[in-house]
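> With the input below, show me the fold.
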Amino acid sequence: MKDRMQLKTCALLAAMLISLPCAATGIDGASLEFGGASQVRILRAQLQSDWERRWLQSNGTHLGGYWEAGLAQWRGNSYQNIPGRRQDITSIGLTPMFRFQSDALLGWYAEGGIGVNLLSKRYDNNDDFLSTSFQFNDRLGVGYVNQEGWDVAVRIEHFSNGGIKRPNSGVNFLVLKVARRF
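Numbers count the residues shown, from 1 in each chain. Next up is the predicted model:
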């Protein structure tokens with residue numbers, strides 16, 4: 001019953017978070033991401049909303065950015081350090097992403113951002129423990145956008161509560177992102 005209520009709360013918060021950036025400028029893209037860490041996997045769907053701003057424009061490149069709002073499912077395979085015991089967590093998040101890219105918005109890019117996430121329950125898997133449901137998420141990645149608007153990237157991501165409450169071992173993921181611009 002408690003898990004069902006947490007899931008409903010997360011779904012409502014996800015809808016609210018997704019509507020914030022998209023209401024202001026519209027939805028400019030969507031992505032699907034898959035990643036992993038030791039004994040845990042993540043699957044995430046996200047919507048993007050461009051800032052339509054360009055900073056540090058020079059030599060055909062600039063610094064731009066976008067909002068990323070998403071809903072993710074984590075599957076731990078060593079809950080409370082018991083191999084094979086599963087822990088499923090739903091996560092919602094909102095992240096401002098900065099991207100260094102060409103002015104044509106095509107080709108190679110580098111990006112990074114720090115966002116906020118709300119987990120449906122505290123993470124306790126494979127000797128890693130996050131003592132709060134609220135987590136910060138750091139993202140660094142490189143990717144490529146082709147002529148048709150497909151965007152493929154590899155990211156390193158770190159989840160942590162920033163020392164709000166201990167223990168806080170953090171969780172690191174390697175993530176593959178496939179996105180499509182509208």
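> which is the next helix or strand following the one helix or strand I89 maps to?
Assigned by DSSP states H and E, I89 belongs to strand 87-102. Note on strand 87-102: by DSSP H and E, the next helix or strand toward the C-terminus is strand 107-119.
> Off-centre distance for the next helix or strand after that next one?
As assigned by DSSP H and E, the chain's next helix or strand after strand 107-119 is strand 124-125. In terms of C-alpha atoms, centre = their mean, to the nearest Å, the centre of strand 124-125 is found 19 Å from the chain centre.
> Could you pull out the helices in the protein for me?
Taking DSSP state H to define them, one finds helices in the chain at 2-25.
> Find the residue ranges of it scoring beneath the pLDDT cut-off.
Low-confidence segments of the chain (pLDDT under 70): 1-25.
> Check it for me, the residue farthest from its geometric middle.
N59 (30.3 Å; C-alpha atoms, centre = their mean).
> and for stretch 147-167, what are the contacting residues?
29, 31, 33, 35, 106, 111, 117, 123, 129-132, 134-145, 168, 170-182 (C-beta atoms under 8 Å, 6 or more residues apart in numbering). All C-beta atoms are positioned from the backbone trio N, CA, C, and that covers glycine.
> Among the residues you listed, the buried ones, what's the ChimeraX command?
The ChimeraX command for the buried members of those (criterion: 16 or more other C-beta atoms under 10 Å) is given here:
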select :29,31,33,35,111,117,123,129,130,132,135,136,137,138,139,141,143,145,168,170,171,172,173,175,177,179
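> which helices and strands sit right next to the strand holding I89?
If contacts are counted by 3 or more C-beta pairs under 8 Å, 6 or more residues apart in numbering; DSSP states H and E, strand 87-102 sits against helix 2-25, strand 61-76, strand 107-119, strand 134-145.
> angle of it against strand 107-119?
Strand 87-102 runs at 150 degrees relative to strand 107-119, counting by axes from the mean of the first three to the mean of the last three C-alpha atoms, to 10 degrees.
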